[in-house]
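K.L.:
take a look and give me a structure for this.
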Amino acid sequence: MEWRNHIVLNPEGKPSIKGTKITLEQLMEGLSLEWTLDELLENYPHLRKNDLLAVFAYLQECLHDKEVK
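P.N.:
Numbering: from 1, shown residues only. Here you go, the predicted structure:
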């Protein structure tokens, strides 16, 4: 999954889904509230499954070789 095709920085500098105002922060908040992927797709109608896969690919790259303390 090439996340760069789906994720851009919005004018405030936050990673967001390309072509939407949906930030990754919003999506992570939904997941922290135990929303399922289907619920995220329902609550954000402009979101597509590939957008969510791109979020996970982006996060994986951000965390790659990073030590969690």
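
K.L.:
could you list the residues in contact with stretch 18-27?
P.N.:
5-8, 10, 14-17, 40, 44, 46-47, 52, 55, 58-59 (CB atoms under 8 Å, 6 or more residues apart in numbering). Where C-beta positions appear, they are placed from N, C-alpha and C, glycine not excepted.

K.L.:
among those residues, which are in helices?
P.N.:
40, 52, 55, 58-59 (DSSP state H).

K.L.:
ranges for the strands of the chain?
P.N.:
7-9, 15-17 (DSSP state E).

K.L.:
among these, which is the most enclosed?
P.N.:
The highest average neighbour count among the strands of the chain, using mean count of other CB atoms under 10 Å, belongs to strand 15-17 at a mean of 20.

K.L.:
avg pLDDT for that strand?
P.N.:
Average pLDDT, strand 15-17: 97.

K.L.:
contacts only, for Glu2.
P.N.:
54, 57 are the contacts of Glu2 under CB under 8 Å, 6+ apart.
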